[in-house]
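Enquirer: here is my input, please return the structure:
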Amino acid sequence: MTKKPDPVTGKKRRTARWGKGKRYRVAGIPGVKDRSFERLEGPEGAKAWLAKAQHEASAGEFVDPRRGQILLLHYIENEWWARRDYDNPSTENTVRARVWTHIVPHLGHYPLNAIKTPQLGEWLRTLKATAGPGTSSEAWGYLSAIFQAAIDDDRITSNPCRKQTTLRVPARPRAVARAWPKEQVLAVREAMDERFRLCVDLGVGAGLRSGEVFGLSVDDIDFEGERILVRRQVKKVGAKLAFALPKGEKTRTVPVPAYLLKQIEESLQRRPAQRVELPWKDPRPPATEKEARERAPQAHELILTSAWGGALRRDGFDTRIWKPALAAAGVIPPPRAEKQPVKHRPGYFRTNLVYEESRENGFHALRHTFASVQLDAREPIVAVSRWLGHADPSITLRIYAHMMPEADGRGRSAMQNWFEDSL
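Expert: Now for the predicted structure:
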């Protein structure tokens, strides 16, 4: 209505905005943003919202629904990810890849408070068709963490991932560690380039991970004490390499047989160790003096290096050395040839050999074989856990319990003797 009345009729006149906009306004609640209501909602709707807001505000539980209307993509980019601070750049890259590959493209266009069971169900069906169970489980966990952060930011009141009762939430499949028979280990070793056979010896003879094999230096071998000091690994951070502590940030000592020490000596006689310098832990340019000190490059005389003298890369080793040896030994099928377009050269193609994915036959299988031999020899689980570098013996027991030998009736005999001594 106009502010001044009509000079002829003496009444206020309707403006062009008559009937448009919101008629009822609720204001004056401390800590609560004013809200206006449509005419159709009527004063009853405004009063109901006022009572609810006053009650929740007095209890410190009020969350303005309008704060949940931010798109999930915008919340992730501007608030959730902006506050993330990872000490381990590899972990940061992994989380970012999962979120921006499996969450943002499918749910990023929804407002936070609009993601409910139907949207989650549709997303899970997409995950099932495009990702493995392990990746799906991780993506679900990251989405739940994002919603939990939104609750802490007073944008939503509940986590739709945590209150699910109708959807089948993905669970990471339990991987069963399987050891290789001796014949298979030797067949793969024989099929491998002679320069890299020591990798197999170190994996099966000392239980080293591939990154630990690549980071092993001459100074880490105690020939007199017949042991290996596992003090670093070569890890890939983005497209670059860096030295870092072994997994779990723990160094360890592993007793090794004379045979393995002899293999190391002969390898060094054929090809002397190469001095390799890499940043420590994080290859990214430092932003502070503290980061510069922490990431300062280290140089080590590595026992195994690439053809040009640099550190071995796990992905290159896997595709060029490990999988060809598996195929030659009959562990996995021969590769198939695939033509792929050459980037920036239209009409040109290159032929790539593509090998079958086989997680159970990765380099870790050698580590499982090491554990099985030790447990079969009845080495204490605590000792085997320490040699493998596990944080706790319970982890070793959970992974390798099925490899432990039967008690052969010793427990039964012990109880028999106990009763006989008691009578």
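
Enquirer: from now on I want contacts and neighbour counts done on CA atoms only, so please keep to that.
Expert: Will do.

Enquirer: ok, now how distant is Pro105 from Leu73?
Expert: 9 Å (C-alpha to C-alpha, to the nearest Å).

Enquirer: Gln374 and Val384 touch, don't they?
Expert: Yes - Gln374 is within contact range of Val384, at 7.0 Å (criterion: C-alpha atoms under 8 Å).

Enquirer: who's more crowded, these two?
Expert: Ranked by neighbour count (other C-alpha atoms under 10 Å), Gln374 and Val384 place Val384 first, with 22 against 17.

Enquirer: which residues touch that one?
Expert: Counting by C-alpha atoms under 8 Å, 6 or more residues apart in numbering, Val384 touches 371, 374-375, 396.

Enquirer: out of the residues you listed, who has the most neighbours?
Expert: Ala371 (29 neighbours).

Enquirer: does that one touch Gly207 like I think?
Expert: Yes - Ala371 lies in contact with Gly207 (C-alpha under 8 Å); the separation is 7.1 Å.

Enquirer: what residues are shared contacts of these two?
Expert: Leu388.

Enquirer: would you list the contacts of Val384 in CSV and tack on distance to Asp282 and pLDDT?
Expert: Shown next, in CSV, are these (distance: C-alpha to C-alpha, whole Å; pLDDT from 0 to 100):
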residue, distance to Asp282, pLDDT
Ala371, 31, 92
Gln374, 35, 90
Leu375, 36, 89
Thr396, 29, 87
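
Enquirer: for those residues, work out which two are farthest apart.
Expert: Pairwise distances across the contacts of Val384 (C-alpha to C-alpha) peak at 12.0 Å, for the pair Gln374 and Thr396.

Enquirer: what residues of the longest helix anywhere in the chain count as buried?
Expert: Across the chain, the longest stretch assigned as helix under DSSP state H is helix 133-152. By neighbour count with 16 or more other C-alpha atoms under 10 Å, helix 133-152 contains the buried residues 135-151.

Enquirer: name the spans of the protein whose pLDDT lies under the cut-off.
Expert: Filtered on pLDDT under 70, the chain yields the residue ranges 1-7, 10-65, 175, 406-416, 418-419, 421-423.

Enquirer: can you tell me the SS state at the residue nearest the centre of the chain?
Expert: Geometric centre of the chain, nearest residue: Thr94, 5.2 Å, by C-alpha atoms, centre = their mean. Classification of Thr94 using DSSP: H, G, I helix; E, B strand; the rest coil returns helix.

Enquirer: before we move on, what about Arg275?
Expert: Following three-state DSSP, we place Arg275 in the strand state.

Enquirer: which ones are touching it?
Expert: Here Arg275 is in contact with 299-302 (C-alpha under 8 Å, 6+ apart).

Enquirer: now which of the residues you listed would you call buried?
Expert: The neighbour-count test (16+ other C-alpha under 10 Å) marks 300-302 as buried among the contacts of Arg275.

Enquirer: ok so, going back, which residues do Gln374 and Val384 both contact?
Expert: With C-alpha under 8 Å, 6+ apart as the test, Gln374 and Val384 reach no residue in common.

Enquirer: mind listing the strands in the stretch 1-150 of the chain by residue range?
Expert: Remark: strands assigned in the stretch 1-150 of the chain by DSSP state E, counting those that start in this stretch are 24-26, 35-37.

Enquirer: how about stretch 79-89: buried residues?
Expert: For stretch 79-89, using 16+ other C-alpha under 10 Å, the buried residues are 80, 89.

Enquirer: ugh, wrong one, stretch 151-159
Expert: 151, 154-157, 159.

Enquirer: before we move on, what about stretch 208-226?
Expert: 208-218, 220-221.

Enquirer: quick one: contacts of it?
Expert: Against stretch 208-226 from outside (C-alpha under 8 Å, 6+ apart): 199, 202-203, 227-235, 243, 246, 255-258, 261, 273, 300-305, 311-314, 363-364, 367, 388.

Enquirer: Met403 versus Leu388, what's the distance?
Expert: Taken as C-alpha to C-alpha, the span from Leu388 to Met403 is 15 Å.

Enquirer: and those two? Which one has more around it.
Expert: Leu388 (22 against 19).

Enquirer: surely that one meets Gly207?
Expert: Yes - counting by C-alpha under 8 Å, Leu388 does reach Gly207; the two are 6.2 Å apart.

Enquirer: for those two, list the residues in contact with both.
Expert: By C-alpha under 8 Å, 6+ apart, the residues touching both Leu388 and Gly207 are Ala371.

Enquirer: which residues touch the host helix or strand of Tyr400?
Expert: For Tyr400, the element it lies in under DSSP states H and E is helix 393-400. Residues outside helix 393-400 that contact it (C-alpha under 8 Å, 6+ apart) are 176-177, 371-372, 381-382, 384-386, 390.

Enquirer: quick one, which of the residues you listed are buried?
Expert: 177, 371-372, 381, 384-386, 390.

Enquirer: I'd like the residues you listed laid out as JSON lines, including secondary structure.
Expert: Compiled in JSON lines, the buried ones among the contacts of helix 393-400 are given as follows (three-state DSSP):
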{"residue": "Ala177", "secondary structure": "coil"}
{"residue": "Ala371", "secondary structure": "helix"}
{"residue": "Ser372", "secondary structure": "helix"}
{"residue": "Ile381", "secondary structure": "helix"}
{"residue": "Val384", "secondary structure": "helix"}
{"residue": "Ser385", "secondary structure": "helix"}
{"residue": "Arg386", "secondary structure": "helix"}
{"residue": "His390", "secondary structure": "coil"}
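
Enquirer: about what we covered before: the residue nearest to the centre of the chain and Pro324, how far apart?
Expert: Relative to Pro324, Thr94 is positioned 27 Å away (C-alpha to C-alpha).

Enquirer: between Pro105 and Leu73, who's got more neighbours?
Expert: Between Pro105 and Leu73, counting by other C-alpha under 10 Å, Leu73 is the more crowded of the two (21 against 11).

Enquirer: got the CA positions of stretch 342-361 in PDB?
Expert: These are the backbone C-alpha positions of stretch 342-361, laid out as PDB (Å, rounded to 0.1, in the frame of the first residue of the first chain):
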ATOM      1  CA  VAL A 342      48.000 -40.200 -28.000                       C
ATOM      2  CA  LYS A 343      47.300 -37.000 -26.200                       C
ATOM      3  CA  HIS A 344      47.700 -33.800 -28.300                       C
ATOM      4  CA  ARG A 345      48.200 -35.900 -31.500                       C
ATOM      5  CA  PRO A 346      44.800 -36.500 -33.100                       C
ATOM      6  CA  GLY A 347      44.600 -39.700 -35.100                       C
ATOM      7  CA  TYR A 348      47.600 -41.300 -33.400                       C
ATOM      8  CA  PHE A 349      47.400 -44.300 -31.200                       C
ATOM      9  CA  ARG A 350      49.800 -46.300 -29.000                       C
ATOM     10  CA  THR A 351      49.400 -49.900 -28.000                       C
ATOM     11  CA  ASN A 352      49.500 -50.600 -24.300                       C
ATOM     12  CA  LEU A 353      49.700 -54.000 -22.500                       C
ATOM     13  CA  VAL A 354      47.000 -54.200 -19.900                       C
ATOM     14  CA  TYR A 355      47.300 -56.800 -17.100                       C
ATOM     15  CA  GLU A 356      44.600 -58.200 -15.000                       C
ATOM     16  CA  GLU A 357      44.000 -56.500 -11.600                       C
ATOM     17  CA  SER A 358      44.900 -59.000  -8.900                       C
ATOM     18  CA  ARG A 359      45.200 -57.500  -5.400                       C
ATOM     19  CA  GLU A 360      45.800 -60.900  -3.800                       C
ATOM     20  CA  ASN A 361      48.900 -61.400  -6.000                       C
END
